[in-house]
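1. Turn this into a model:
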Amino acid sequence: MLHNRKYSPFIAVLAVGSLLPAACRKLTQTSPASDLLTVSRVFSSDASAQEAMSAYYIDMVYFPRSFLNGGISVDAGLSADELDCKIAPYPREDSFRVNMLTANNALSNNLFSGAYSLVYELNTMLEGIARSTGMSAAVKSELKGEAEFNRAILYFYLVNLYGRVPLALGTNFLENERLPRAAVDSIYAKMVTDLEDAQQLLPSDYIDAAGYAGDRTRPNQSAAMALLARVWLYQGKWASAENAATAVINNGRYSLVSLDSVFLTKSREAIWQTQTVHGSVATADAQAYLFPPGKPAFVLTADLLGAFEAGDQRKQHWTKSSIIGGITYTYPFKYRSVSSTATTEYETILRLAEQYLIRAEARAEEGNLAGAVDDVDSIRARAGLPNTTATTTAAVLAAVAQERRIELMTEWGHRWLDLNRTGQADAVLAAEKSWWNANDKLYPIPEAQLQASPGMSQNPGYQ
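-> Below you'll find the predicted structure:
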């Protein structure tokens, strides 16, 4: 229903009946001509426009292992040194683990095409909102900011998984089909402008324009600021990253909570979460790691398990082991709800612990080692660990990297992206994987997309 901002059967019908058909076409085939009448009707009132935004979130999490519903966490975890695949005989799963993707790999291609389907929906919404004469100014501002925020996070993952990608900002298929791969810097620049605009337009609390205070499943100003902090960190803009992270940390709405409470629906650590659909109480993570019962499909690598310090409570609380046929399998256990009748967990995309680690890294790069150590120790204290002994810049940065590896393990590809952005992927992954190749750091552009788009080119190593 609209008033509680949750998903309903009506919204699901709206998603399938209006925005989704156009969004499911290839990036190069998204013609708005047949959708103009429907779009104008959808954005003719505040109520229908709000329903359209809720429909977007259904599409975002509708399919398992999709771009923003488990796909990035599992696939990037396999690509890095976090997860091993125990499913047989599914070579597509193993292709991420052994870094043997091809331009025809269905799972990798689904990530790419799924992301652009969502981008198209958001572009459709932004154009519909801009043209609308029936929406109130307050709702237009809120939904514009929400769409810009969501587009930014899609491009963040696209550019970090695939490198240079087309920067589609409209719905004109004649323009989109000819888009070349944009420069990484220009994609980041657009993320920043979208997020800065969203930060001004979104509500400060988790309250919509109708005054309803709901769960943390719709972005607010702090969510935009948290993502800005990450974007600036990836660009090496340390002062901006520190300032943005500080703004989130100092917001009294958020706090570090116990390890068993981090991923709950009412967690005060959560900055932005997503709901489940289909009536399921299990998050995408729980489905990936806890289903089916018995031998787990994905397990933590020996390399990751060996990286835990003695006494680290995260190993006890966030991992679980099963002995099957005399073999011990240890797997992620951050999300646990699979059989209850009520939803107790939401997939958590942005959370406060990451902001401490963003600020710690930025501070260390700026030479503020004492401040960086304070932030690292905040995370270590919750894990039951003593303060870090790091005192030099190199040592503090290594301490930050260690905490990022353990604290953010199997979440949203953080390990895979961290290794790539810090230039450590070749050294670290070549030591863990005998088959590692330097070209493996980017996923291949789908073959079908290359054939459909004259302006596209393939990443090195996949020709």
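
2. roughly how far is stretch 306-318 from the heart of the chain?
-> 24 Å (CA atoms, centre = their mean, to the nearest Å).

3. Same check on stretch 61-69?
-> Per CA atoms, centre = their mean, the centroid offset for stretch 61-69 relative to its chain is 11 Å.

4. how long is that stretch from one end to the other?
-> One end of stretch 61-69 sits 5 Å from the other (CA to CA, to the nearest Å).

5. For the closest residue to F298 other than its chain neighbours, grab phi and psi.
-> Closest residue in space to F298, ignoring its immediate chain neighbours: L83 at 4.9 Å, by CB to CB, 6 or more residues apart in numbering. All C-beta spots, glycine's among them, are computed from the backbone N, C-alpha and C. Torsion angles at L83 (phi, psi; degrees, to the nearest 10) stand at phi -120, psi 150.

6. how many neighbours does L83 have?
-> Other residues near L83 come to 28 when the count uses other CB atoms under 10 Å.

7. Specify the beta-bridge partners of it.
-> Beta-bridge partners recorded for L83 (DSSP bridges): L300.

8. if I look at it, how far off is M60?
-> According to CB to CB, to the nearest Å, L83 stands 23 Å off from M60.

9. Also S95?
-> In terms of CB to CB, S95 sits 25 Å off from M60.

10. what do you get for R151?
-> 12 Å.

11. What of G367?
-> 40 Å.

12. The two: who's more crowded?
-> M60 (22 against 11).

13. SS state for the more buried one?
-> Judged by DSSP: H, G, I helix; E, B strand; the rest coil, the three-state class of M60 is helix.

14. I figured it hits L118, correct?
-> Yes - judged on CB atoms under 8 Å, M60 makes contact with L118 at a distance of 6.1 Å.

15. shared neighbours of these two, anything?
-> Common neighbours of M60 and L118, using CB atoms under 8 Å, 6 or more residues apart in numbering, are F67, L68, N150.

16. In terms of helices and strands, where is the last one?
-> This points to N150. helix 137-162 (DSSP states H and E).

17. residues of the helix or strand that that helix is followed by that come out buried?
-> Note on helix 137-162: by DSSP H and E, the next helix or strand toward the C-terminus is helix 173-176. Of all the residues in helix 173-176, those buried under the rule 16 or more other CB atoms under 10 Å are F173, N176.

18. Could I get the average pLDDT for helix 173-176?
-> Helix 173-176 shows a mean pLDDT of 82.

19. Can you list the buried residues in whichever helix or strand comes after that helix?
-> Sequence-wise, the next helix or strand downstream of helix 173-176 (DSSP H and E) is helix 184-201. Residues of helix 184-201 classed as buried: I187, Y188, K190, M191, V192, D194, L195, D197, A198, Q199, L201 (neighbour count, 16+ other CB under 10 Å).

20. which one of the residues you listed is nearest A241?
-> Distances from A241 to those, taken as CB to CB, are shortest for V192 (11.6 Å).

21. Report the separation between R151 and A106.
-> 25 Å.

22. same question but for H278, I mixed them up
-> 22 Å.

23. ok, now which ones touch the closest residue to L158 other than its chain neighbours?
-> Sequence neighbours aside, V165 is the residue nearest to L158 in space, at 4.8 Å (criterion: CB to CB, 6+ apart). Contacts for V165 were tallied using CB under 8 Å, 6+ apart; they are Y155, L158, V159, R181, A182, I187, I445.

24. which ones are touching the first one?
-> Under the criterion of CB under 8 Å, 6+ apart, the contact list for Y155 reads V119, V165, L167, I187, K190, M191.

25. Can you pull the poorly scored residue ranges out of the stretch 51-200 of the chain?
-> Scanning the stretch 51-200 of the chain for pLDDT under 70 picks out the ranges 88-93.

26. mind redoing it with 80?
-> 87-93, 174, 177 (pLDDT under 80).

27. V373 contacts A390, doesn't it?
-> Yes - with contact defined as CB under 8 Å, V373 reaches A390; the gap is 6.6 Å.

28. Format the CA atom coordinates belonging to stretch 432-449 as CSV.
-> The C-alpha trace of stretch 432-449 is given here as CSV (Å, rounded to 0.1, in the frame of the first residue of the first chain):
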residue,chain,number,x,y,z
GLU,A,432,45.4,-17.7,-3.6
LYS,A,433,44.5,-18.9,-7.2
SER,A,434,47.1,-20.5,-9.4
TRP,A,435,45.0,-19.7,-12.5
TRP,A,436,44.8,-16.0,-11.9
ASN,A,437,45.2,-13.6,-14.9
ALA,A,438,45.5,-9.9,-14.7
ASN,A,439,42.6,-9.5,-17.2
ASP,A,440,40.3,-11.2,-14.7
LYS,A,441,39.8,-7.9,-12.7
LEU,A,442,36.9,-6.9,-15.0
TYR,A,443,33.9,-8.9,-16.0
PRO,A,444,33.3,-9.3,-19.8
ILE,A,445,30.8,-7.2,-21.7
PRO,A,446,28.0,-9.5,-22.9
GLU,A,447,28.4,-10.7,-26.4
ALA,A,448,24.8,-9.9,-27.3
GLN,A,449,25.4,-6.3,-26.1
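
29. buried set for that stretch?
-> K433, W436, D440, K441, L442, Y443, P444, I445, P446, Q449.

30. again, but for stretch 353-360
-> A353, E354, Q355, Y356, L357, I358, R359, A360.

31. before we move on, what about stretch 450-459?
-> Buried, per 16+ other CB under 10 Å, within stretch 450-459: L450, S453, M456, N459.

32. just checking, the last one is part of a helix?
-> Spelled out, it's N459. No - per three-state DSSP, N459 lies outside any helix segment and is coil.

33. Quick one, grab the pLDDT at it.
-> 96.

34. can I assume it is in contact with A438?
-> No - N459 is beyond contact range of A438, at 11.6 Å (criterion: CB under 8 Å).

35. Low-confidence bits of the stretch 301-450 of the chain, can you list those?
-> In the stretch 301-450 of the chain, residues with pLDDT under 80: 339-341.

36. Where do the helices of it begin and end?
-> For the stretch 301-450 of the chain, the helices defined by DSSP state H, counting those that start in this stretch cover 302-305, 313-318, 352-366, 369-382, 393-407, 414-421, 425-432, 447-452.

37. Can you tell me which of these is most buried?
-> helix 352-366 (a mean of 25; mean count of other CB atoms under 10 Å).

38. Next, the angle helix 393-407 makes with that one.
-> Counting by axes from the mean of the first three to the mean of the last three CA atoms, to 10 degrees, helix 352-366 lies at 170 degrees to helix 393-407.

39. Mind giving me the packing neighbours of helix 352-366?
-> Secondary-structure packing of helix 352-366 (3 or more CB pairs under 8 Å, 6 or more residues apart in numbering; DSSP states H and E): helix 221-234, helix 238-249, strand 270-274, helix 369-382, helix 393-407.

40. could the contacts of V165 be laid out in TSV, adding distance to T38?
-> Formatted as TSV, these follow (distance: CB to CB, whole Å):
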residue	distance to T38
Y155	26
L158	27
V159	31
R181	31
A182	29
I187	30
I445	31
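
41. just those now: which is nearest A395?
-> Using CB to CB, V159 is the member of the contacts of V165 that lies nearest A395, at 30.6 Å.
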